[in-house]
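# Let's see this in three dimensions:
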Amino acid sequence: MREPVELRRQRILAAVESRGAVKVSVLATELEVSVVTVRRDVEELTRAGRLRRAHGVARAVRPVETAVTAPAPRRSGQPAEGGAVALVVPERHSYLYEAAYGARPVLEEAGFRVALHVAPQAPGAERPLVERALADGARGLLIAPRWRGADTEEADHGWLAGVGVPTVLMERRPRPGSALHALDMVCSDHWYGVHLAVDHLVGLGHRRIVLAARDDSPTARSIRAAFTEIAAARPEVADWSVALSSPDAVPVPPPGAPGAEAPPRDRTPLDLAGLLRAHGATAALLHGDVDALMLVQSLAEQGVRVPQDCSVVAYDDVLAALGSTPLTAVAPPKAEVGRAAAELLVHRLSRPEGEAGPVRRIELLPELKVRGSTAPPPDGSGEPPLPGAGDTAVPAPIPAQK
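As a prediction, this is how the structure comes out:
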């Protein structure tokens, strides 16, 4: 799956801003693209005033050390020495990059330098990054572990609960009663986001709705569970189904784990048009943006028009507005999640040593951005079959995880 240009450029920005300067050849290796592609991206980012370019090197507009050598005025109660805060987010996750951008000004205003660490797509990748940051003197931690499955989450509980510095989780809800249950946390209310999407589609007259969602992150699993609950409870919804949105949308068991040797059952691309036909569905909710845009392209190739034949709502709203048909999208408050998490961490770091104070959990509501991909069903009944209904075999939908 080719990575969208905007997402790749966000990753370039994150890498350069965290290190101050990076060779174009190094970026090309890390991003697994050609040097020519990275050079073109850096030139565009330079023209936009977001980077500086010189002799094969991309440089941050603002030096990394600026927040330490010339800190902004501190808030009342802020420790005088400032220091660094480690910010750990998964690789290739533009949603959480926006949260990182929201956190940065709050931390810098409070006199802290931000040390951004991007965790590779491998189980346990966050731990060595956090240990390195702590060895370098980080005084606090903002983190969004990847947690592709319950096993990787459980593996993080012990060490993450004992890092020894104030820690705030972003967009992660640990298992109730776990070692991480008592950590400060900021999350989007994804149940409410799914509610907004379903309510919008039902209000337009749709009665048969499909969710094509990922299953490789806590957010994905929350969306699947919320859709299952909401669709089952709405009397207006006559039929609904859940399926994986892409071949790589399910966690891969680590080597040696049960099922690691067996070929995954859902590694074939989703036939969304076929699934819609099988259910006579006139609307789909798709998570996340990249999968949504690619699935809409696939629908067009099979003669299904959006929104004339099928209304589509994307979930994330990072790239949804950039489609050839701008997608209606649920927009979690990404930057606000980062900002609120940073404020919680600054509050922790401002307290007298040894005074913990109550644990705080903040939940922020998403918004619905209505664009050109949703409309009433073709004949207004909410139950018209798509062209060719019933003549395409599709895989059985996969039940949402609770």
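
# which stretches of the stretch 51-200 of the chain form strands?
51-54, 57-60, 83-90, 112-119, 140-143, 167-170, 184-188 (DSSP state E, counting those that start in this stretch).

# show me where this protein has helices.
5-19, 24-31, 35-47, 66-69, 94-109, 126-135, 150-161, 190-204, 218-233, 272-279, 289-301, 334-350 (DSSP state H).

# so which of those gets nearest Arg173?
helix 218-233 (6.4 Å; Cβ to Cβ). Quick note: C-beta positions are derived from backbone N, CA and C, even for glycine.

# what residues does that closest one touch?
Residues outside helix 218-233 that contact it (Cβ atoms under 8 Å, 6 or more residues apart in numbering): 95, 147, 153, 171-173, 188, 190-191, 193-195, 198, 209, 211, 213-215, 237, 240, 242, 249, 285, 287-288, 315, 399-402.

# Out of the helices and strands in this protein, which is least certain?
The weakest-scoring helix or strand in the chain, judged by mean pLDDT, DSSP states H and E, is helix 66-69 (a mean of 32).

# ok so, going back, just so I know, which of the helices of the chain lies nearest Val88?
Among these, the nearest to Val88 by Cβ to Cβ is helix 126-135 (5.5 Å).

# Identify each buried residue in the closest one, please.
By neighbour count on 16 or more other Cβ atoms under 10 Å, the buried set for helix 126-135 is 126-127, 129-130, 133.

# And for stretch 196-215?
Under the neighbour-count criterion of 16+ other Cβ under 10 Å, stretch 196-215 has 196-198, 200-202, 204-215 buried.

# Skipping its backbone neighbours, what lies nearest Pro120 in space?
Residue nearest to Pro120 in three dimensions, not counting chain neighbours: Glu91, with 5.3 Å by Cβ to Cβ, 6 or more residues apart in numbering.

# Please tell me how far that neighbour sits from Val118.
5 Å (Cβ to Cβ, to the nearest Å).

# of these two, who's got more company?
Using other Cβ atoms under 10 Å, the more surrounded residue of Glu91 and Val118 is Val118, with 21 against 17.

# For that one, give me its contacts.
11, 14-15, 18, 89-91.

# try 6 Å this time
By Cβ atoms under 6 Å, 6 or more residues apart in numbering, Val118 lies in contact with Glu91.

# and it, bridged to which residues?
Counting by DSSP bridges, Val118 is bridged to Val89.

# Trp147: neighbour count?
Neighbour number of Trp147 under other Cβ under 10 Å is 24.

# Drop anything exposed from the contacts of helix 218-233.
Using 16+ other Cβ under 10 Å, the buried ones in the contacts of helix 218-233 are 95, 147, 153, 171-173, 188, 190-191, 193-195, 198, 209, 211, 213-215, 237, 240, 242, 249, 285, 287-288, 315, 400.

# Show the average pLDDT along stretch 340-359.
Per-residue pLDDT values over stretch 340-359 give a mean of 86.

# Sorry, slip of the keys, the one I care about is stretch 129-141.
Averaged across stretch 129-141, pLDDT comes to 91.

# And the contacts of it?
Stretch 129-141 has contacts (Cβ under 6 Å, 6+ apart) with 83-86, 88, 115, 117, 119, 165-167, 345, 349.

# which of these sit farthest apart?
Ala119 and Leu349, at 22.8 Å, using Cβ to Cβ across these.

# What average pLDDT does stretch 282-291 get?
Averaged over stretch 282-291, pLDDT sits at 92.

# Pull up the distance across it, start to finish.
Using Cα to Cα, to the nearest Å, the end-to-end distance of stretch 282-291 comes to 19 Å.

# mind starting the numbering at 655 from now?
I'll keep to 655 as the first residue from here, and by that count the last item is stretch 936-945.

# hmm, who's touching it?
With Cβ under 6 Å, 6+ apart as the criterion, stretch 936-945 contacts 851, 855, 860, 862-868, 877, 899-900, 946, 949, 964-970, 972-974, 1031.

# Might you report the residue contacts of the residue nearest the centre of the chain?
What sits nearest the mean C-alpha location of the chain, by Cα atoms, centre = their mean, is Tyr749, with 3.9 Å. By Cβ under 6 Å, 6+ apart, the contact set of Tyr749 is 970, 972, 988.
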